[in-house]
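Novice: my questions are about this predicted structure, shown below with the sequence.
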Amino acid sequence: MHELLQNVPRDVIEAYVQDRINNFAFVFAQELVPNISQQQLDIAFSRAVYFISAQEASGGQTQVELRFSHDCRYLGCLNPDCSLCKNNPNKTCAPDEIFDEAYVENRVLKAKCEADISVELVNKQTGEVFAMPGVEVQLSVIDGDEYNSGAADPTATIVELRTSDEGEPLLKCAGGSRALEPGTVLINMQVRTHWLRLPKLHVQHLLL
């Protein structure tokens, strides 16, 4: 059999194997989710192949990072030439506009448009939300003037601001929360969705 396959083009073998795997995946998926459609399976199968390829490209190790996001409350475009949206006082947030420029003391941290902010665990290679159960995230306030995203090692420029001049924690969570140190908040990522809407965090000092 091995000698016979030597004369078969590689792409033909790969297409046959992938077709067989796809057929098995469809039958297996129907056992788990009886009402699954062929289209849903095709999408899931393509995503799985893409993720595996990304893992192989990175040496089998997936690199992840945290990303803040929100669903903007305002509708509109970001085209600077659009007079309708340009003159709208409730402008759509830009992709990199998550937090507001300043927060008054004790104000809950929300997006510029007042939408809730979420934190996600993201695959750096694919940009997709990554599944990693049991992840805990520690939040704290950092000095924006000291942080340099363009540095060779941006993490080396992080300066945490945990307490005010009066010794009060800068970051607190309404209703209480876990914290390893004053001025920090510890939250658990959700196992199923792997994103988390931030709790009602607020600052105890005016941030400019």
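Specialist: Nice, I can see it.

Novice: may I have the phi/psi pair for residue 78?
Specialist: phi -110, psi 20 (degrees, to the nearest 10).

Novice: who are the contact partners of it?
Specialist: Residue 78 makes contacts with 85, 92, 94, as judged by CB atoms under 8 Å, 6 or more residues apart in numbering. Placement of C-beta: from N, CA and C, glycine included.

Novice: among those, which one sits closest to residue 73?
Specialist: Distances from residue 73 to the contacts of residue 78, taken as CB to CB, are shortest for residue 92 (9.1 Å).

Novice: separate out the buried members of the contacts of residue 78.
Specialist: Taking 16 or more other CB atoms under 10 Å as the criterion, what is buried in the contacts of residue 78 is 85, 92.

Novice: in helices only, show me the contacts of residue 78.
Specialist: Mapping the contacts of residue 78 onto helices (DSSP state H) picks out residue 85.

Novice: turn the contacts of residue 78 into JSON lines, columns for pLDDT.
Specialist: Putting those into JSON lines (pLDDT from 0 to 100) gives the following:
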{"residue": "85", "pLDDT": "84"}
{"residue": "92", "pLDDT": "88"}
{"residue": "94", "pLDDT": "85"}
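
Novice: pretty sure residue 186 contacts residue 135?
Specialist: No: counting by CB atoms under 8 Å, residue 186 does not reach residue 135; the two are 11.2 Å apart.

Novice: those two - which one has more neighbours?
Specialist: Using other CB atoms under 10 Å as the criterion, residue 186 and residue 135 rank with residue 135 on top: 17 against 14.

Novice: picking that back up, distance to residue 139 for the contacts of residue 78 - can I get that in CSV?
Specialist: CSV is the format used below for the contacts of residue 78 (distance: CB to CB, whole Å):
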residue, distance to residue 139
85, 33
92, 26
94, 23
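
Novice: let me know the secondary structure of the residue nearest the centre of the chain.
Specialist: Nearest residue to the geometric centre of the chain (CA atoms, centre = their mean): residue 120, 2.9 Å. Following DSSP: H, G, I helix; E, B strand; the rest coil, the label given to residue 120 is strand.

Novice: I'd say it and residue 129 touch.
Specialist: Yes: using CB under 8 Å, residue 120 is in contact with residue 129, at 5.1 Å.

Novice: of the contacts of residue 78, which is the nearest to residue 71?
Specialist: Using CB to CB, residue 92 comes nearest to residue 71 of these, at 11.1 Å.

Novice: quick one: residues contacting the nearest residue to that closest one once chain neighbours are set aside.
Specialist: Setting aside the residues directly before and after it, residue 92 is nearest to residue 76 in space (CB to CB, 6 or more residues apart in numbering), at 4.3 Å. By CB under 8 Å, 6+ apart, the residues touching residue 76 are 82, 84, 85, 88, 90, 91, 92.

Novice: can you list the buried residues in the lengthiest helix in the chain?
Specialist: Counting by DSSP H, the longest helix found in the chain is helix 10-32. The neighbour-count check on helix 10-32 (16+ other CB under 10 Å) flags residue 29 as buried.
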